[in-house]
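In: What follows is a predicted protein model with its sequence.
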Amino acid sequence: RERYFALWHRTLADPRFISPAEANTRRAAAQNQEVFVVTPVDGLVGNPGGKLTLGRLSRIHEGCLSLEDPHRSVKVELPASGGALSELLAEGCFVLAYGVYHAEVFHIQDLRMPPLVRRELIPNMPNLFG
């Protein structure tokens, strides 16, 4: 849970990513930049269209890969083409996934690792590696 919220805040520290609550105000202010709205996994259900979400890959549902956050988990279908990142995926890793939620499955079209954020941009972040 703490790991998820740390990654959520780190992702939103990157100016390319915003929360749904900031979507209207920050999008208007950043007209010359491409800005992505990061929807929580809980916000995928009943929300049509393509969405970008941050979640942890796991096998909560028997035999199926799932994407979860602290509030919900959804079954996922990875892209058929796989791609380079699919070779690096491990259960329990956090990913940014873009796709469409349909028929109780999040159909992932693109998968990325969360962005790296410089330590200076995150106040009160302990130095874990000395």
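Out: That came in fine, so what should we check first?

In: which residue ranges form the helices in the chain?
Out: Taking DSSP state H as the criterion, the chain contains helices spanning 2-13, 23-29.

In: L78: which of those helices is closest?
Out: Comparison of the helices of the chain against L78 by Cβ to Cβ identifies helix 2-13 as nearest, at 20.1 Å. Just so you know, the C-beta spots here come from the backbone N, C-alpha and C atoms, and that holds for glycine as well.

In: buried set for that closest one?
Out: With burial defined by 16 or more other Cβ atoms under 10 Å, the residues of helix 2-13 counted as buried are Y4, L7, W8, R10, T11, L12.

In: Tell me where this structure has strands.
Out: Applying DSSP state E to the chain gives strands spanning 17-18, 36-37, 50-58, 66-68, 73-77, 94-102, 105-112.

In: counting contacts, what elements does the fourth one pack onto?
Out: Under the contact criterion of 3 or more Cβ pairs under 8 Å, 6 or more residues apart in numbering; DSSP states H and E, the helices and strands touching strand 66-68 comprise strand 50-58, strand 73-77.

In: Just list whatever residues bridge to V76.
Out: In this structure, V76 has beta-bridge partners F106, where bridges are defined by DSSP bridges.

In: about what we covered before: out of the strands of the chain, which comes closest to G43?
Out: Using Cβ to Cβ as the criterion, the shortest distance between G43 and the strands of the chain is 7.4 Å, found for strand 50-58.

In: Show me how far that closest one is from its chain's centre.
Out: Its chain's C-alpha centre and that of strand 50-58 lie 4 Å apart, by Cα atoms, centre = their mean, to the nearest Å.
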